[in-house]
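A.B. asks: A predicted structure for the sequence below; I have some questions about it.
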Amino acid sequence: MNDRNKPVTLKIILVGNSGVGKSSFMNRFVNHRFTNMYRTTIGTDFLSKTVTMDGDTVNLQIWDTAGTERFQSLGTPLYRGAHSCLLVFDVTSRDSFSALEEWRKEFLIQGEPQDPDHFPFIVLGNKTDLSDREVSGAKAQQWCSKIGAQYFEGSAKADLDVEKPFMTAARSGIQQYKKHTL
Ligand code: GDP
């Protein structure tokens, strides 16, 4: 079972309000592209990327979820089996940051992770290229310390600090995988 050559598939979920840049961030990480075309996410989408990490070959299956309250209430099983979750907000929108607590709760209820108290959440503030910031890094960091999440910020548009949040999600995801699958 413990075959290091066998690729591990990790499910990483992106949640957060519509428009915060989930698809853009994921697209930047996987395809190294950015488009300004606004696309409201109405269903779900995933992109795959294979990375090598600490000697393991890992296939990241990154899911972009619908950011609408309507979809949120449907109780989709999409969150099930996730190995880590990125809570995404827009640093120029206080509302998108405040919504993260609800997104986190929703994820814990719908996703039913095996060890909810230690589930790896990663918080990501996007759009740091913009100057009309409403959420400071210190404020985001403060909330992250409270919930035990790691905090990152960056910009999908300017291609700033895109790798780190995903690699951190992958690294904590693999720990979940090893703890609950092997
Ligand atoms: P989603 O609904 O969360 O998937 O958000 P999208 O990825 O569709 O992005 C919503 C809008 O924000 C689009 O118009 C993007 O072009 C824009 N956007 C995404 N990331 C950034 C960023 O880092 N900086 C800026 N200025 N705009 C961004």
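C.D. replies: Received it, and whenever you're ready, just let me know what you need. Numbers count the residues shown, from 1 in each chain.

A.B. asks: excluding its backbone neighbours, what's nearest residue 180?
C.D. replies: In space, and not counting its chain neighbours, residue 180 is closest to residue 114: 5.2 Å by C-beta to C-beta, 6 or more residues apart in numbering. C-beta here means a position set from N, CA and C on the backbone, and glycine is covered the same way.

A.B. asks: that neighbour sits in which helix or strand?
C.D. replies: Residue 114 belongs to no helix or strand when assigned by DSSP states H and E.

A.B. asks: low-confidence ranges in this structure?
C.D. replies: 1-5, 36-45, 66-76, 182 (pLDDT under 70).

A.B. asks: switch to 50 and redo it
C.D. replies: Residues of the chain meeting the criterion pLDDT under 50: 1-2, 42, 67-71.

A.B. asks: tell me which helix or strand comes right after whichever strand or helix holds residue 140.
C.D. replies: Of the helices and strands defined by DSSP H and E, residue 140 is found in helix 137-147. Next along the chain after helix 137-147, taking DSSP H and E as the criterion, comes strand 150-153.

A.B. asks: hmm, back to that, how about the helix holding residue 140, which residues are buried there?
C.D. replies: 140, 141, 143, 144 (16 or more other C-beta atoms under 10 Å).

A.B. asks: ok, which stretches of the protein are strands?
C.D. replies: Counting by DSSP state E, residue ranges of the strands within the chain are 8-15, 45-53, 56-64, 84-90, 121-126, 150-153.

A.B. asks: neighbouring strands for the third one, and are they parallel or not?
C.D. replies: Translated: strand 56-64. The pairing partners recorded for strand 56-64 under DSSP bridges are strand 8-15 (parallel), strand 45-53 (antiparallel).

A.B. asks: of these, which is nearest the ligand?
C.D. replies: Smallest distance to the ligand across the strands paired with strand 56-64 (C-beta to the nearest ligand atom): 7.8 Å, for strand 8-15.

A.B. asks: distance from the chain centre to the closest one, please.
C.D. replies: The gap between the average C-alpha position of strand 8-15 and the chain average comes to 8 Å, counting by C-alpha atoms, centre = their mean, to the nearest Å.

A.B. asks: please export the alpha-carbon coordinates of it; PDB is fine.
C.D. replies: Taking Å, rounded to 0.1, in the frame of the first residue of the first chain, the C-alpha atoms of strand 8-15 are listed here in PDB:
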ATOM      1  CA  VAL A   8      -1.300  10.400  -5.000                       C
ATOM      2  CA  THR A   9      -4.400  12.300  -6.000                       C
ATOM      3  CA  LEU A  10      -5.300  15.200  -3.700                       C
ATOM      4  CA  LYS A  11      -8.600  17.000  -3.800                       C
ATOM      5  CA  ILE A  12      -8.200  20.700  -3.000                       C
ATOM      6  CA  ILE A  13     -11.200  22.900  -2.800                       C
ATOM      7  CA  LEU A  14     -11.500  26.600  -3.400                       C
ATOM      8  CA  VAL A  15     -14.400  28.400  -1.700                       C
END
